[in-house]
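In: Got a predicted structure plus its sequence, pasted below:
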Amino acid sequence: MTPNEAVAATERIWRRVDETRRSAHYPFRGLVGFGPILLENTADNTWALRLSREDDQASWADLVKDEVEDAIDREPKDWEIVSVTTGLQLALATVVRPGSCLQRRVGNLPAGPASTAAAQVKFGGNTNFILGSAHALAAYGQGQTGIDEVHLSRPSPTGPADTLVGELGKFSDIDFTGGLVSYVDAALVELAPSCSIAEVLCFASPFGAPADPPANEKVAKCGAVPPFLTHGKVMVVGGAYEVTFPIFVNGSLSKVWFKDQFSISGVDPTIPFGSSGDSGALVVSDDQHLLPRGLLMSGSELNNEFVANRISLVMSELNFSFP
C-alpha cells in the first residue's frame, strides 16, 4: 500500500477504535497520537496506536488489540494482518497485501511461468529493482537480460493484467540439464519508469536485517495466489533437494539438485504454505519485524512441505542488498 493509503486507513481505524473506546468506557483516556510510524523505512506496512493510560488496569492492551484487528479486517479485503503487538502505551498492527504476479513476455505473448514480486532490492547503487524467481522470470534459462519485458500476469490491486513492470535483470544460472548442482533460483527486474515500487510489492521494505533462519523458527510469506499470507515452520536448514521442473531436457523432465536450502512445513494442514505462482515469494520471520529469511522455490501442496533458498546465498549470488 502507498503512504497515502496508509494515512487514510490510519484515520479510519482511529475513528473505529475511538468510537468503540467511548461506547465501552475502556480504562484509558484516549488517543494522544496516531499515525504511520517509521520502523526502518517500513511505514507502508505498520501503524501505531499511542494511548495514555488512565489508571493501573492492564486490560486495555487486549481490548485495543481486538479493536485494531477488527478495524483492519474491515479494510480492503486484499489486506492481511501479519501481527498485532501491544505494550504499556503502544499497539502496533502490521499488514500486507497480496504480491503481484510477474511474467516474462516476448512480443505480446507470455513466455514462461509466473513469479511473485518478492521485495525491493538495491543493485549497482540503484534501488529500482524487484526480486523474484529465476526459473519463472528467466523462463528456464531462456531469458535475456535488459531485453525481455516483465508484465503483470494477472489483474492485481496494483493494475490490470499485462501492465508493464520492467525489464529482466540479472538472474541465477541454473543448469536445467541436471549436470551441475545449483544453490539459488532468483532473478532481478528493473522497474520501468511508468511503474513504482509501491504499486508492485506486498511488503514495502523488510523491517530488519536479512539473515538465514534457524531451525524451528516460525516464518511467513505473502504470495500472489490466495490465501496470499501463509504461515509455516522452518524444519531443516542446509538440506539438499531434487527439484523437478515442467520442461523436457533430452526427452525427460528436468531435475536439478539444489544444495544448502531450508525446508518449511505449513502450520495449518488445510492451507498450503505455497501454491503455483508463489515461486520467488519472500519468506520472512513471522513477527512484526518481518526479517528476510529466504526465497520460496518449490514444494508440495499435498504434503504442505516447501523448499526455499537461504537469503544469504541469494544476496551473494545476485550481489544485491536490501535498501
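Out: Now that the structure is in, tell me what you want to look at. Numbers count the residues shown, from 1 in each chain.

In: how near is Asn216 to Ala224?
Out: Using C-beta to C-beta, to the nearest Å, Asn216 is found at 27 Å from Ala224. Glycine gets a C-beta too; all of them are placed from N, C-alpha and C.

In: List the buried residues for the strand ranked longest in the chain?
Out: When the chain is parsed with DSSP state E, its longest strand is strand 229-249. Buried residues in strand 229-249, defined by neighbour count with 16 or more other C-beta atoms under 10 Å: Leu229, Thr230, His231, Gly232, Lys233, Val234, Val237, Tyr241, Val243, Phe245, Val249.

In: just these: which has the poorest pLDDT?
Out: Minimum pLDDT across those is recorded for Leu229, with 78.

In: List the beta-bridge partners for that residue.
Out: Under DSSP bridges, the beta-bridge partners of Leu229 are Cys222.

In: my guess is it meets Asp268, correct?
Out: No - between Leu229 and Asp268 there is no contact under C-beta atoms under 8 Å: 11.5 Å.

In: mind listing the helices for the chain?
Out: 3-24, 60-73, 134-137, 197-200, 311-318 (DSSP state H).

In: any residues touching the third one, and which ones?
Out: In this case it means helix 134-137. Here helix 134-137 makes contact (C-beta atoms under 8 Å, 6 or more residues apart in numbering) with 102-104, 112-115, 143, 150, 168, 171-172, 174, 184-187, 189, 245, 279-280.

In: So which of those residues sit within strands?
Out: Counted as lying in strands by DSSP E, out of the contacts of helix 134-137, are 102-104, 112-115, 150, 168, 171, 187, 189, 245.

In: From those, which one has the minimum pLDDT?
Out: Ranking those by pLDDT, Gly112 lands last with 79.

In: What count of nearby residues applies to it?
Out: By other C-beta atoms under 10 Å, the residues close to Gly112 number 24.

In: got the contact list for it?
Out: Gly112 makes contact with Gln103, Arg104, Ala136, Leu137, Ala138, Ala139, Tyr140, Gln142, Gly143 under the criterion C-beta under 8 Å, 6+ apart.

In: Isn't the first one up against Thr116?
Out: No - taking C-beta under 8 Å as the contact criterion, Gln103 and Thr116 are not neighbours in contact, 10.9 Å apart.

In: more neighbours, the two?
Out: Neighbours per residue (other C-beta under 10 Å) separate Gln103 from Thr116, with Thr116 holding more: 32 against 24.

In: okay but the more buried one is in contact with Ser275, surely?
Out: No - counting by C-beta under 8 Å, Ser275 is not a contact partner of Thr116; they are 10.1 Å apart.

In: Mind listing the shared neighbours of those two?
Out: With C-beta under 8 Å, 6+ apart, Thr116 and Ser275 have common neighbours Gly223.

In: And for the residue lying closest to Tyr183 once chain neighbours are set aside, the neighbour number?
Out: Once flanking residues are discounted, Tyr183 sits nearest to Leu313: 5.2 Å by C-beta to C-beta, 6 or more residues apart in numbering. The tally of other residues near Leu313 (other C-beta under 10 Å) stands at 20.

In: One more: Ala211?
Out: 13.

In: State the distance from it to Glu217.
Out: Distance from Ala211 to Glu217, counting by C-beta to C-beta: 10 Å.

In: end to end, how far does stretch 315-323 reach?
Out: Distance across stretch 315-323, first residue to last, is 12 Å (C-alpha to C-alpha, to the nearest Å).

In: Identify all contacting residues around it.
Out: Stretch 315-323 is contacted by residues 41, 119-123, 127, 129, 131, 170-172, 183-184, 186-188, 205-206, 210, 292 when judged by C-beta under 8 Å, 6+ apart.

In: pLDDT (mean, whole number) over it?
Out: The pLDDT scores in stretch 315-323 average 94.

In: One more: stretch 251-268?
Out: The average pLDDT within stretch 251-268 is 94.

In: Pull out the buried residues from that stretch.
Out: For stretch 251-268, burial by neighbour count (16+ other C-beta under 10 Å) applies to Ser254, Val256, Phe258, Asp260, Gln261, Phe262, Ser263, Ile264, Ser265, Gly266, Val267.

In: tell me the contacts of the last one?
Out: It refers to Val267. Counted by C-beta under 8 Å, 6+ apart, Val267 has contacts Lys218, His231, Gly232, Lys233.

In: go on, Val283?
Out: Counting by C-beta under 8 Å, 6+ apart, Val283 has contacts 213, 219-221, 232, 264, 292-296, 308, 311.

In: Check what pLDDT it gets.
Out: 93.

In: Also Asn309?
Out: Asn309 is given a pLDDT of 98.

In: beta partners for the residue nearest to it when sequence neighbours are not counted?
Out: Closest residue to Asn309 apart from its sequence neighbours, by C-beta to C-beta, 6+ apart: Leu295 at 4.5 Å. In this structure, Leu295 bridges to Leu282, Asn309 when assessed by DSSP bridges.
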